[in-house]
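In: Output the structure for:
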Amino acid sequence: MSTESSVIDNLEKQEQFEQTLSDWPRLDSERRIELFRALPLDEAEDLLDCMNASDQADLLRSMSVPERRSWLRYLDLDDIADVLAEVPEEDVEQWLDLLDARTKDKVNALLAYAEDDAGGLMNPRFARVRPKMTVEAAINYLHIQAQENISLEHVYVLDNEQHLLGEIGLNTLLAASSDDVVEDLADTNVITCTEYMDQEEVSNLFARYGLTAMPVVDEEGHMKGLITADDVVDVILEEGTEDAQKYGGMEALDESYMRTGIFKLVQKRAGWLIMLLIGEMFTASAMSRYEDQLNSIWFLAIFVPLITSSGGNSGSQASTLMVRAMAMGEINLRDWWRVLWRELRAGAIIGVILGCVGVARILLWTYLFPGVYGDLWWPLALTIGCSLVGVVVLGCLAGSMLPFILRFCRLDPASASAPFVSTLVDVTGLIVYFTIAGWLLFS
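Out: This next block holds a predicted model:
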């Protein structure tokens, strides 16, 4: 009965903890610090660990100096660096002074890396052993490191100059004979990243090889630190959010939606909307160029939304596929011609399918409402069918090639947003539509 009660209590505590996490973004600073101080120590530690760097910085800022010193020293070195990146520049030195000299030096070294560098994600504290150590000596050495709160989940073999030679599991050490030598047991096939590698490339390596941790090395092979899976999860969320916002036709937000001021929110969104509005003005100009055709055959205008939306939707699909494939490392610049050929064929097939639907629509309306299109029903059906094939192929080519062009120009492919592609294809789609109409209806 006591065991059952204990399980129920644990479940209730977990539910309360998850509810606190859910409510946290909606609480003001005073309520947050009040709630945090009321938590038992272990729950407070868990809550702090679950926060992003921005929320951690806000919470620590609300504390007294002694409290801030205590909780700042609780965090891992890479987390401290992330928190300090959220602190106003003029206050960073005061916060650094709360750390001991050794920790301060290591955090300063992490702050020297750019925000998106692998070096900014790594923890410079990791378990290490020497290659010539016996298993008994290595275990004793790891015991000392464990007392310094260094995780033993991943143990690396380094020489006297800190070159990374391999990795050895704790299970391997415990299962070996005490007089075995570490270098004979170590796995030398270790996936690493350089300290200046972009964090998105780092996350791709984690996903590709199914890693839980990855050493960071410099150009000479010296091990600088360790990136763990929990750090990469944050990167994936950050990069995914940024790409999604850009793909929605706006600049990426610097902070979460609720923390972004209204004027900053307008600034991030208005610029792209103005550009898209200007683009749509070209659509209006294209329409006015064919005013005579619209006046002579009024029902041509009815099918303009059908043509433009089909081209825009196909372009948005293609650009979405390319941006995601690039982000996942599935394709790179040298694959452009293969993508071009694939999208040309896919666009042609999809265009024919949609074209047949468009022709069927004209035939159905002609049957249901005789004379609605006069004697032009068949040329009109051909116009709609051929135009759909043309604009869908055009949309697929534009949507798939634009991310490659942006990547070639060293710009973010995610900027090839769906609204931008749709606007681009709208203008060219109208030209295709009225050109084909001119051939089939006015020749």
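
In: Tell me where this protein has strands.
Out: 127-129, 155-158, 164-168, 193-194, 213-217, 223-228 (DSSP state E).

In: Which of those sits closest to residue 22?
Out: strand 223-228 (25.3 Å; CB to CB). C-betas here are computed from N, CA, C, even on glycine.

In: can I get the strands of the chain in a markdown table with mean neighbour count, mean pLDDT and distance to residue 296?
Out: Shown next, in a markdown table, are the strands of the chain (neighbours: other CB atoms under 10 Å; pLDDT from 0 to 100; distance: least, CB to CB, whole Å):
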| stretch | mean neighbour count | mean pLDDT | distance to residue 296 |
| --- | --- | --- | --- |
| strand 127-129 | 21 | 95 | 81 |
| strand 155-158 | 22 | 96 | 78 |
| strand 164-168 | 20 | 95 | 76 |
| strand 193-194 | 18 | 95 | 65 |
| strand 213-217 | 22 | 95 | 67 |
| strand 223-228 | 23 | 94 | 67 |
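
In: possible to save those as CSV with distance to residue 291?
Out: As requested, these are arranged in CSV below (distance: least, CB to CB, whole Å):
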stretch, distance to residue 291
strand 127-129, 75
strand 155-158, 73
strand 164-168, 71
strand 193-194, 59
strand 213-217, 62
strand 223-228, 61
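
In: Would you mind saying which of the ones you listed lies nearest residue 351?
Out: Nearest to residue 351, of these and by CB to CB, is strand 193-194 at 43.1 Å.

In: Check which helices and strands the closest one sits against.
Out: helix 199-209, strand 213-217 (3 or more CB pairs under 8 Å, 6 or more residues apart in numbering; DSSP states H and E).

In: returning to what we had before: right, and the strands of the chain - which one's nearest residue 382?
Out: Once those are compared by CB to CB, strand 193-194 is nearest, at 56.8 Å.

In: Other residues contacting the closest one?
Out: 118, 201-202, 205, 214-219, 227 (CB atoms under 8 Å, 6 or more residues apart in numbering).

In: With stretch 45-58 instead?
Out: 17, 20-21, 24-25, 29, 32, 36, 39, 59, 71, 74-75, 79, 82-87, 234, 255-256, 259.

In: Filter these down to the buried ones.
Out: In terms of neighbour count (16 or more other CB atoms under 10 Å), the buried residues within these are 20, 24, 32, 36, 39, 59, 71, 75, 79, 82-87.

In: Residue 357: which of those residues is nearest?
Out: Out of the buried ones among the contacts of stretch 45-58, the member with the shortest distance to residue 357 (by CB to CB) is residue 24, at 49.6 Å.

In: Just give me the neighbour total for residue 174.
Out: Neighbours of residue 174 under the rule other CB atoms under 10 Å: 9.

In: My understanding was that it contacts residue 139; is that so?
Out: Yes - contact status for residue 174 versus residue 139: in contact at 7.4 Å, counting by CB atoms under 8 Å.

In: From residue 372, how far out is residue 299?
Out: 8 Å (CB to CB, to the nearest Å).

In: more neighbours, the two?
Out: Legend: neighbour count by other CB under 10 Å for residue 299 and residue 372, higher for residue 299 (15 against 12).

In: What's the separation between the closest residue to that one other than its chain neighbours and residue 365?
Out: The shortest distance from residue 299 to any non-neighbouring residue, by CB to CB, 6 or more residues apart in numbering, is to residue 373 (6.2 Å). Distance of residue 373 to residue 365, computed by CB to CB: 7 Å.

In: Ok, residue 83 next?
Out: Taking CB to CB, one finds residue 83 at 64 Å from residue 365.

In: The residue nearest to residue 299: neighbouring residues, count only.
Out: Neighbour tally, residue 373, other CB under 10 Å: 18.

In: low-confidence ranges in the stretch 201-350 of the chain?
Out: 247-249, 256-258, 283-284, 286-287, 294 (pLDDT under 70).

In: Among the contacts of strand 193-194, which one sits closest to residue 424?
Out: residue 201 (29.2 Å).

In: Could you give the bridge partners of the residue nearest to that closest one when sequence neighbours are not counted?
Out: Distances taken as CB to CB, 6+ apart put residue 193 closest to residue 201, at 7.4 Å, once the chain neighbours are dropped. For residue 193, the beta-bridge partners are residue 216 (DSSP bridges).

In: For residue 295, see how far away residue 193 is.
Out: From residue 193 to residue 295 the distance is 64 Å (CB to CB).

In: From residue 153, how far off is the residue nearest to residue 201?
Out: Applying CB to CB, the value for residue 193 to residue 153 is 18 Å.

In: cool, residue 182 as well?
Out: Distance from residue 182 to residue 153, by CB to CB: 17 Å.

In: Residue 347 too?
Out: When residue 347 is compared with residue 153 (using CB to CB), they lie 49 Å apart.

In: Which one's more surrounded, the two?
Out: Counted by other CB under 10 Å, residue 347 and residue 153 do not tie: residue 347 has more neighbours, with 27 against 13.
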